[in-house]
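Novice: sequence isn't available, so here's the structure alone:
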């Protein structure tokens, strides 16, 4: 059974950092793309970052709003996905969801992701 479990969310001051983790299980992670999405209260879900499969060199894609501040990575030996978030802003406040989809090349489009975690909340506030 495919499972995704996020952790690492919390309250942080503007300018601070957080590292989100996503533990995956129940499938061959090497053949899947992975991504992070977020949804703020009253807003639509948006793609934050994604990373292609191991066979495609783990190429990454980022939303313009987080480029230069966030970094996605994957550890295929541990079946983990990470999102390093630096220089956090109040506008980054949202629930963050880990997602995976079978395939090689990632796109920041939820249609490419078939499995989702339960989410972890991130609040950026002073």
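Specialist: Ah, there it is. Small disclaimer: the values here were computed from a predicted structure and weren't measured.
Novice: can you tell me the centre-most residue of the chain?
Specialist: In the chain, the residue lying closest to the centroid (C-alpha atoms, centre = their mean) is residue 36, at 2.1 Å.
Novice: surely that one meets residue 97?
Specialist: Yes: judged on C-beta atoms under 8 Å, residue 36 makes contact with residue 97 at a distance of 7.0 Å. Yep, even glycine has a C-beta here, placed from its N, CA and C like the rest.
Novice: okay, the residue nearest to the centre of the chain and residue 8: tell me how far apart.
Specialist: 11 Å (C-beta to C-beta, to the nearest Å).
Novice: now the residue of the chain most remote from its centre: closest residue in space, sequence neighbours ignored.
Specialist: Distance from the C-alpha centroid of the chain, by C-alpha atoms, centre = their mean, peaks at residue 126 (23.9 Å). Nearest residue to residue 126 in three dimensions, chain neighbours excluded: residue 13, at 5.3 Å (C-beta to C-beta, 6 or more residues apart in numbering).
Novice: need the contact list for the one you found.
Specialist: 124, 125, 126 (C-beta atoms under 8 Å, 6 or more residues apart in numbering).
Novice: which stretches in this structure count as helices?
Specialist: With DSSP state H as the definition, the chain shows no helices.
Novice: ok, which stretches of it are strands?
Specialist: Ranges of strands in the chain, per DSSP state E, are 3-7, 10-12, 18-25, 32-39, 46-51, 60-62, 70-75, 80-85, 94-102, 115-116, 120-124.
Novice: before we move on, back to that, shouldn't the residue farthest from the centre of the chain be in contact with residue 14?
Specialist: Yes: counting by C-beta under 8 Å, residue 126 does reach residue 14; the two are 5.9 Å apart.
Novice: which neighbours do residue 36 and residue 8 have in common?
Specialist: Common neighbours of residue 36 and residue 8, counting by C-beta under 8 Å, 6+ apart, are residue 20.
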